[in-house]
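In: sequence and predicted structure below; questions after.
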Amino acid sequence: MGALLLVILLVALVGSMPTWSHSRSWGYGPVGVSGFLVLVLVVLLLTGWL
């Protein structure tokens, strides 16, 4: 389950990068939020909470 969540969040992180044409006007906000969620998920996986 944790690995599936990690893959989904990584795809969301790549999809929200402002280099893509559909997300150019969004700025770096969505990338920061997605990156933070990936970081929290990785920490939870490494500590055994998830």
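Out: Looks like it came in fine.

In: all contacts plus neighbour counts: C-alpha atoms, from now on.
Out: Will do.

In: and for the residue most central in space within the chain, nearest residue in space, chain neighbours not counted?
Out: In the chain, the residue lying closest to the centroid (Cα atoms, centre = their mean) is Ser34, at 3.3 Å. Using Cα to Cα, 6 or more residues apart in numbering and skipping the chain neighbours, the partner closest in space to Ser34 is Leu13 (5.2 Å).

In: dump the residue contacts of the one you found.
Out: When contacts are counted by Cα atoms under 8 Å, 6 or more residues apart in numbering, Leu13 touches 30-31, 34-35.

In: now do the buried residues in the strand or helix carrying the residue nearest to the centre of the chain.
Out: Ser34 belongs to helix 29-47 when assigned by DSSP states H and E. Of all the residues in helix 29-47, those buried under the rule 16 or more other Cα atoms under 10 Å are 30-31, 34-35, 37-38, 41-42.

In: would you turn the residues you listed into a markdown table with distance to Met1?
Out: As requested, those are exported to a markdown table (distance: Cα to Cα, whole Å):
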| residue | distance to Met1 |
| --- | --- |
| Pro30 | 23 |
| Val31 | 23 |
| Ser34 | 18 |
| Gly35 | 19 |
| Leu37 | 15 |
| Val38 | 14 |
| Leu41 | 11 |
| Val42 | 13 |
